[in-house]
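A.B. asks: Next one to model:
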Amino acid sequence: MKKVVLLSAALVLALPQMASADVRPGPAAGAVKRWFTTDRSLNCFDRQGNPSGCRLDEDSHVTVSYAPTGSTAVAFATYVNDPTGNAEMFAAAVFRKEQDGWRFVRTVPNLSGKAATNVAFTPGGVSFDTEVWRKGDGHCCPTGRKRWTVALP
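C.D. replies: Predicted coordinates for the structure are as follows:
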């Protein structure tokens with residue numbers, strides 16, 4: 001009985017954290033959050049259908065991978081761009097460390113899929129996999145995989 005009470009208390013304390021999303025703490029977190037919530041190229045909309053910055057909420061998953069040198073970061077975001085819908089979008093952006101902090105370099109164009117995995121930095125680039133939809137896949141469940149390679153400035 002004591003274990004059940006402790007588990008219940010832990011779940012109740014965890015609920016507020018599970019209800020909202022944010023960029024995980026890390027050196028570039030502030031710059032990544034600014035990019036995600038202000039970059040209009042991500043095509044996010046408010047409830048009235050007006051273009052707006054994206055929201056960090058339960059439908060947003062933003063992760064950041066850092067190059068071994070610590071001077072470059074790539075943020076990956078899977079998100080719902082319209083609060084009245086449920087279509088997931090995928091985007092990535094490159095950040096560079098400078099003397100006064102992290103600077104947004106660019107949003108990576110023409111990506112598709114969701115959930116970047118197997119991120120690997122190489123001299124001058126970064127590679128990663130995404131889940132992609134094959135013909136006949138349901139919206140929930142892509143079964144394909146695609147490897148992307150992006151040149152880093």
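A.B. asks: all contacts plus neighbour counts: C-alpha atoms, from now on.
C.D. replies: Noted.
A.B. asks: in its sheet, what does the longest strand seen in the chain sit against?
C.D. replies: Secondary structure of the chain per DSSP state E: the longest strand is strand 88-98. Its sheet considered, strand 88-98 pairs with strand 72-80 (antiparallel), strand 101-107 (antiparallel) by DSSP bridges.
A.B. asks: Which secondary structure element of the protein has the lowest mean pLDDT?
C.D. replies: helix 2-19 (a mean of 41; mean pLDDT, DSSP states H and E).
A.B. asks: I'd like the next helix or strand past that helix.
C.D. replies: Sequence-wise, the next helix or strand downstream of helix 2-19 (DSSP states H and E) is helix 29-38.
A.B. asks: ok, now which ones touch the residue most central in space within the chain?
C.D. replies: Centroid-nearest residue in the chain: A77, 1.9 Å away (criterion: Cα atoms, centre = their mean). Neighbouring residues of A77 by Cα atoms under 8 Å, 6 or more residues apart in numbering: S60, H61, V62, T63, M89, F90, A91, A92, A115.
A.B. asks: Name the nearest of the residues you listed relative to L42.
C.D. replies: A91 (7.2 Å; Cα to Cα).
A.B. asks: Hmm, that closest one is touching T78, no?
C.D. replies: Yes: counting by Cα atoms under 8 Å, A91 does reach T78; the two are 6.7 Å apart.
A.B. asks: Looking at these two, which has the bigger crowd around it?
C.D. replies: A91 (23 against 19; other Cα atoms under 10 Å).
A.B. asks: any idea how far T69 is from the closest residue to that one other than its chain neighbours?
C.D. replies: Nearest non-adjacent residue to A91, counting by Cα to Cα, 6 or more residues apart in numbering: A77, 5.2 Å away. Separation of A77 from T69 (Cα to Cα, to the nearest Å): 22 Å.
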